[in-house]
Every structure is written in structure tokens, then in C-alpha cells.
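> got a sequence here, can you build the structure:
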Amino acid sequence: MKLFKLFLLVSLLSACASQGGGSEGTPQGDTTRAQKIARIHTELAGMYYDRAQYGVALQEVAVALKADAGFPQAYNVRALVRVALHENDKADEDFQHSLRLDSANSETHNNYGWFLCQNGNMKESFKQFQDALNNPLYSTPEVAYANLGLCSRKAGLTKEAESNLQRALVLRPDMPNALYGLADLNYSKGDFAAAKSYFNRFMQVNAEPNAEQLWLAVRIERKMHDRNSEASYALQLRKNYPDSPEAQQLSQGQ
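Residues are numbered from 1 along each chain as shown. I've put the predicted structure just below:
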């Protein structure tokens with residue numbers, strides 16, 4: 001979840017800076033004063049969102065919308081904040097409103113797609129990711145490919161998952177979500193050498209793995225009979241996440 005939150009921030013800030021490859025693609029230098037104010041406060045809202053300061057983020061969105069009630073990215077950011085606050089109905093409304101204002105905005109399509117995926121609406125989720133990817137002006141298509149891959153995996157579509165995660169890596173070889181997704185996928189397939197290779201690459205770009213990620217590493221190294229690496233990851237899991245379900249599974253010898 002931490003990794004995804006990072007990609008959301010990159011996505012929404014990119015969108016604020018470039019209009020997200022939206023329908024007009026107008027440079028920010030040509031916008032009105034009201035739009036500039038809306039953009040600045042939406043960017044601030046995104047930064048506060050990343051710091052989990054959701055109340056302040058909502059205040060910044062309110063300032064942005066007061067300046068320009070039709071600024072699409074303000075609704076996109078507010079939707080993300082509302083997702084974090086578990087206000088899913090309101091988040092859904094904001095995503096849809098943002099897309100009504102700018103139907104070609106790939107960042108919003110991507111974020112809405114992930115939201116739908118997490119809530120089990122896979123068919124519509126895939127459509128949103130594809131809408132994002134269909135836009136030739138989309139500046140970070142690897143994000144949508146990675147999310148489409150992860151959601152395909154969740155839906156049990158292994159081939160599609162692997163294909164889309166690989167596409168993400170072609171565009172960005174050091175993408176953490178894609179590397180971890182492929183490590184997990186290959187572990188499930190029984191290709192433990194490939195799983196270890198992808199996980200090692202993942203660790204090169206992610207210095208703070210979470211409990212779920214460390215637990216996968218423990219199981220990979222166990223299958224590879226690398227006792228030293230297994231012990232190292234197990235120690236990190238016990239030390240950093242002692243109360244996690246993964247640490248409990250480790251203690252129970254699973």
C-alpha cells in the first residue's frame with residue numbers, strides 16, 4: 001500500500017503540472033489566474049495527502065475549488081483523500097466528476113481504475129486503465145500498466161498480469177510495484193529463482209520493505225535454501241513489524 005500511495009502522489013502531481021495529458025493539454029503558462037490558484041492549492045493538497053494530513057489536504061482542495069470550481073485535478077485529489085478516509089461513495093463521485101470535466105485525463109483514469117480494483121469492480125477497473133493507456137499524451141503509462149498487471153493478478157488472470165507487469169518494466173526497469181508484483185507472481189508459479197531475481201531488484205530501489213514484502217522474501221529464500229538470506233529477512237520482519245500477521249505466521253513456523 002505504501003508503494004501504491006507513492007505512485008498516486010507522483011501521478012497526481014504530474015497531472016497537476018501537465019494537465020495529465022488531458023483533453024486540452026494547455027500549458028500552465030496560458031491558464032487564467034483562477035486556474036493557477038487552483039493548480040497551486042491542488043498540488044499542496046497532494047503533498048498533504050502524501051503526509052497523511054488529510055484534513056489539511058481537504059482544506060487546500062476547498063481553496064482550489066473556490067478559485068476554480070471546474071478544475072478537474074482538485075476532484076481527483078479529493079477523491080484520493082476520501083479513499084484514505086474510507087469515504088468510498090464520495091470518492092467515487094469525485095473521480096467521476098473529475099472525468100466528466102476532463103475525460104481524457106489519464107492520471108484520473110488510472111487512479112479511478114485502482115480504486116475500482118480495490119473494491120472488486122474488476123471489469124470497470126480494466127476499462128479505466130485501458131482508457132488511461134489509450135491516451136498518447138499520457139506521461140507515465142508504466143503506472144497504469146503496473147496497476148493493470150496487479151489487478152489482473154488479483155482477478156486470477158496470470159498471463160495478463162505478467163504481460164502488463166513486464167510492459168511496465170520495459171518503460172521503467174526500476175519500477176518497485178512491477179518488480180514486486182513479478183516476484184510474487186513467479187513465487188506462486190514455483191519459479192523461485194526468477195522470484196528471487198525480481199525481489200533482489202525490488203530491494204535495490206526500496207529500502208523499507210513492509211511486512212508483506214519481507215514475508216515473501218523469507219518464503220522465497222526458504223525455497224532457494226539460502227538460510228542466511230532467509231534469516232536476515234526474518235530478523236527484519238520480527239524487528240520492524242513484530243505485531244504483523246506475517247510476523248505471527250513466521251513465529252508459527254509457516
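
> what comes up buried for the strand or helix carrying Ser188?
Secondary structure assignment for Ser188, by DSSP states H and E: helix 176-189. Going by neighbour count (16 or more other C-beta atoms under 10 Å), the buried part of helix 176-189 is Pro176, Asn177, Ala178, Leu179, Tyr180, Gly181, Leu182, Ala183, Asp184, Leu185, Asn186, Tyr187. To be clear about C-beta, it is placed using only N, CA and C from the backbone, and glycine gets the same treatment.

> right, and the helix or strand after it?
Heading C-terminal from helix 176-189, the first helix or strand you meet, by DSSP H and E, is helix 192-205.

> for that following helix, buried residues please.
Applying a neighbour-count criterion of 16+ other C-beta under 10 Å, the buried positions in helix 192-205 are Phe192, Ala194, Ala195, Lys196, Ser197, Tyr198, Phe199, Arg201, Phe202, Met203.

> what does stretch 73-81 give?
Neighbour-count burial for stretch 73-81 [16+ other C-beta under 10 Å]: Gln73, Ala74, Tyr75, Asn76, Val77, Arg78, Ala79, Leu80, Val81.

> can I get those in CSV with secondary structure and pLDDT?
Output for the buried residues of stretch 73-81, formatted as CSV (DSSP: H, G, I helix; E, B strand; the rest coil; pLDDT from 0 to 100):
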residue, secondary structure, pLDDT
Gln73, helix, 96
Ala74, helix, 97
Tyr75, helix, 98
Asn76, helix, 97
Val77, helix, 97
Arg78, helix, 98
Ala79, helix, 98
Leu80, helix, 97
Val81, helix, 98
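
> which one of the residues you listed sits closest to Asn210?
Asn210 lies nearest to Leu80 out of those, by C-beta to C-beta, at 19.7 Å.

> wait, that closest one sits on Trp114?
No. In this structure, Leu80 sits apart from Trp114 without contact. The criterion is C-beta atoms under 8 Å, and the distance is 9.8 Å.

> for Gly156, phi and psi?
Geometry field for Gly156 lists phi and psi as phi 80, psi 10, criterion degrees, to the nearest 10.

> swap that for Val63, please
Torsion angles at Val63 (phi, psi; degrees, to the nearest 10) stand at phi -60, psi -40.

> just give me the neighbour total for it.
When neighbours are counted by other C-beta atoms under 10 Å, Val63 registers 16.

> how close does it sit to Glu43?
When C-beta to C-beta, to the nearest Å is applied, the distance between Val63 and Glu43 equals 12 Å.

> related to what we said a few turns ago, ok, and what's touching the helix holding Ser188?
Contact partners of helix 176-189, identified using C-beta atoms under 8 Å, 6 or more residues apart in numbering, comprise 3-4, 7, 142, 145-147, 149-150, 153, 158, 161-162, 165-166, 168-169, 172, 192, 194-196, 198-199, 201-202, 205-206, 213, 216, 219-220, 223.

> of those, buried ones?
Of all the contacts of helix 176-189 considered here, the ones buried according to neighbour count by 16+ other C-beta under 10 Å are 3-4, 7, 142, 145-147, 149-150, 153, 161-162, 165, 168-169, 172, 192, 194-196, 198-199, 201-202, 206, 213, 216, 219-220, 223.

> the residue lying closest to Leu237 once chain neighbours are set aside: neighbour count?
Distance criterion C-beta to C-beta, 6 or more residues apart in numbering; nearest residue to Leu237, sequence neighbours excluded, is Leu214 at 4.2 Å. Neighbouring residues of Leu214 were enumerated by other C-beta under 10 Å; the total is 24.

> same check on the one 10 residues further on?
When neighbours are counted by other C-beta under 10 Å, Met224 registers 14.

> alright, calling it a day.
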